[in-house]
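Visitor: Sequence plus the predicted model coming up.
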Amino acid sequence: MNETNIRMPHHPENPLIVAGILLEFRRISIGGLGIQVIAVIFLGWGWNWFAALQWMLQAGLLWVLVLYETKRYLPLNCRFPGAPMYPHLGVANRLTITRGWLIAATGGFLFQEYPPGFIALVPAVLYAISAIIDRLDGYAARRSGQVSRMGAELDTVFDALGLAIAPLLAVWYGKIHWTYLSVSAAYYIFQLGLCYRRRKGLPVVKLKPKISRRAIAGFQMGFIAIVLFPVFEPPATRIAGFVFMLPVLGGFLLDWFSASGRISEHTRINLVT
């Protein structure tokens, strides 16, 4: 992305604003990588260097993905379509990007042996903090007066990324049954389904924002964060996984029926109630 990609000609101040935002983005990119390098030293000392380097490779690649998604949505750093861009990313977007970094760091522990000692707490703590930030970034946006379309989009993207990585780690550790990964896949299958309908010229109904969707996603993040802590073990965690999984899959199914026009909003409400 260069400045011409996100220039908005109706606002002559935007070239300087764009340059400032891109500079801030580069600083965040380098800062995130630098913290990962420090984390490698910490993990190498407390675990082993091979595991630490594998963590760096995986977390680094995921951080690149986080940065790619962030850069893709930089043009939406404004309140509404056609509005001037904010002069900086703002505290809320910085918190959201931090959440992306924490999710990437959690993913660094995938496909590795269970960490020893206090290192075993690290993935749970990382994901727990990311779940807490998910509750705070929206409040921070409203409090600071910088609610942005970028923040809303990144929230959804990082929700899906976190609910792909953290459950996979929980499955890898044997905490939950592998079928829970259907929750992780549901978002991507849903989006692919919408893309398919648009390409075929089939109707796609825009879903109304619902507090219940955010609440369910929040419960899922909280549940996985708790499960990752060493103190919680199967079979209790596996049973709980099934209990948490079913409402999410049911919600995605109803969303699909609504988005594809198979049921109306009124019918959906009657089904739920």
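Guide: Looks like it came in fine. Computed from a prediction, not measured in an experiment: that's the story for all the values here. Numbering: from 1, shown residues only.
Visitor: Now find how far off-centre whichever helix or strand residue 68 is part of is within its chain.
Guide: According to DSSP states H and E, residue 68 maps onto helix 49-72. The gap between where helix 49-72 is centred and where its chain is centred comes out at 14 Å by Cα atoms, centre = their mean, to the nearest Å.
Visitor: quick check: mean pLDDT across it?
Guide: The pLDDT scores in helix 49-72 average 98.
Visitor: and the longest helix for the protein?
Guide: helix 14-46 (DSSP state H).
Visitor: Please spell out which residues along that helix are buried.
Guide: By neighbour count on 16 or more other Cβ atoms under 10 Å, the buried set for helix 14-46 is 14, 17-18, 21-22, 24-25, 28-29, 32-33, 36, 39-40, 43-44. Backbone N, C-alpha and C define where each C-beta goes, glycine included.
Visitor: ok and the helix or strand following the helix holding residue 68 relative to helix 14-46, angle-wise?
Guide: Per DSSP H and E, the first helix or strand lying C-terminal to helix 49-72 is helix 90-107. With axes from the mean of the first three to the mean of the last three Cα atoms, to 10 degrees defining the directions, helix 90-107 sits at 30 degrees from helix 14-46.
Visitor: so where's the stretch 51-200 of the chain shaky on pLDDT?
Guide: Across the stretch 51-200 of the chain, not a single residue meets the criterion (pLDDT under 70).
Visitor: can you rerun that using 90?
Guide: The stretch 51-200 of the chain contains residues with pLDDT under 90 at 81-83, 160, 183-184, 187-188, 191.
Visitor: before we move on, the earlier item: just name whatever secondary elements the longest helix of the chain is in contact with.
Guide: Helix 14-46 is packed against helix 3-6, helix 49-72, helix 90-107, with contacts defined by 3 or more Cβ pairs under 8 Å, 6 or more residues apart in numbering; DSSP states H and E.
Visitor: quick one: it to chain centroid distance?
Guide: Distance, stretch centre to chain centre, for helix 14-46: 18 Å (Cα atoms, centre = their mean).
Visitor: and if you look at stretch 77-97?
Guide: Computed by Cα atoms, centre = their mean, the chain-centroid distance of stretch 77-97 equals 17 Å.
Visitor: do the same with stretch 196-210
Guide: The gap between where stretch 196-210 is centred and where its chain is centred comes out at 22 Å by Cα atoms, centre = their mean.
Visitor: For that stretch, list every residue counted as buried.
Guide: Within stretch 196-210, the residues scored as buried using 16+ other Cβ under 10 Å are residue 197.
Visitor: ok, residue 168 - contacts?
Guide: Applying Cβ atoms under 8 Å, 6 or more residues apart in numbering to residue 168 gives the contacts 110, 181, 184.
Visitor: again, but for residue 59
Guide: Residue 59 sits next to 36, 39, 104, 105, 107, 108 when contact means Cβ under 8 Å, 6+ apart.
Visitor: ditto for residue 124
Guide: So residue 124 contacts 225, 226, 228, 229, 230 (Cβ under 8 Å, 6+ apart).
Visitor: swap the cut-off to 7 Å and go again
Guide: Listed by Cβ atoms under 7 Å, 6 or more residues apart in numbering, the contact set of residue 124 reads 225, 228, 229.
Visitor: so which of those residues comes closest to residue 53?
Guide: Distance to residue 53 across those (Cβ to Cβ) is lowest for residue 228, with 22.1 Å.
Visitor: Does that closest one touch residue 172 like I think?
Guide: No: using Cβ atoms under 7 Å, residue 228 is not in contact with residue 172; the gap is 10.5 Å.
Visitor: Looking at the two, which is more packed in?
Guide: Of the pair residue 228 and residue 172, residue 228 is the one with more neighbours under other Cβ atoms under 10 Å, namely 27 against 16.
Visitor: From residue 259, how far out is the more buried one?
Guide: Applying Cβ to Cβ, to the nearest Å, the value for residue 228 to residue 259 is 32 Å.
Visitor: and if you look at residue 207?
Guide: Note on residue 207: its distance to residue 259, by Cβ to Cβ, is 6 Å.
Visitor: how many neighbours does residue 251 have?
Guide: For residue 251, the neighbour count with other Cβ under 10 Å is 17.
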